[in-house]
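**Student:** My questions concern the predicted model and sequence given below.
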Amino acid sequence: DGTIPRKRLAEVLTGIAAMEQKYGLCCANVFHAGDGNLHPLIMFDANQEGEFLRAEAFGAEILELCVAVGGTITGEHGVGIEKINSMCVQFTQTELNAFFAVKKAFDTA
């Protein structure tokens, strides 16, 4: 998920539609219109060579667009493997270092 200012919803959906053409993949847009939380469902066939990588790039570009319009890379689901590389789109190295320090304090392994 990514989160955007509600007033930018139409702009972001238009941007995602353009990305569908760019990546040659379909995206079903599910979202909480009331709070700007997007849940784009990028459809791909993992059996088709290259589609998984295109889907990952598509998702990353959606998150970049969310940040560009004043939103965030996450709203309610947090950051895991899928979004970890998008952290640098939104946060500075100083901020990332602070996050890593907090994680290290609680996760000593």
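**Tutor:** Now that the structure is in, tell me what you want to look at.
**Student:** what kind of secondary structure is residue 76 in?
**Tutor:** Classification of residue 76 using DSSP: H, G, I helix; E, B strand; the rest coil returns coil.
**Student:** Dump stretch 54-64 to CSV, restricted to CA.
**Tutor:** Output in CSV follows, covering the C-alpha atoms of stretch 54-64 (Å, rounded to 0.1, in the frame of the first residue of the first chain):
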residue,chain,number,x,y,z
ARG,A,54,8.2,-5.6,-14.5
ALA,A,55,5.6,-6.0,-11.7
GLU,A,56,8.2,-5.1,-9.1
ALA,A,57,9.3,-2.1,-11.1
PHE,A,58,5.7,-1.0,-11.6
GLY,A,59,5.0,-1.2,-7.9
ALA,A,60,8.1,0.8,-7.0
GLU,A,61,7.1,3.5,-9.5
ILE,A,62,3.7,3.7,-7.9
LEU,A,63,5.3,4.3,-4.5
GLU,A,64,7.6,6.9,-6.0
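**Student:** which parts of it are buried?
**Tutor:** 54, 55, 58, 59, 60, 61, 62, 63, 64 (16 or more other CB atoms under 10 Å). C-beta coordinates here come from the backbone N, C-alpha and C atoms, glycine included.
**Student:** Same check on stretch 22-30?
**Tutor:** Across stretch 22-30, burial judged by 16+ other CB under 10 Å covers 23, 25, 27.
**Student:** ok, now how distant is residue 54 from residue 28?
**Tutor:** Going from residue 54 to residue 28 by CB to CB, to the nearest Å gives 16 Å.
**Student:** typed the wrong thing, it's residue 71
**Tutor:** Look at residue 71 and residue 28: by CB to CB, they are 19 Å apart.
**Student:** follow-up on the earlier one: out of the buried residues of stretch 22-30, who's nearest residue 11?
**Tutor:** Closest approach between the buried residues of stretch 22-30 and residue 11, by CB to CB: residue 27, at 15.4 Å.
**Student:** and the closest one, that one's in a strand?
**Tutor:** Yes - under three-state DSSP, residue 27 falls within a strand.
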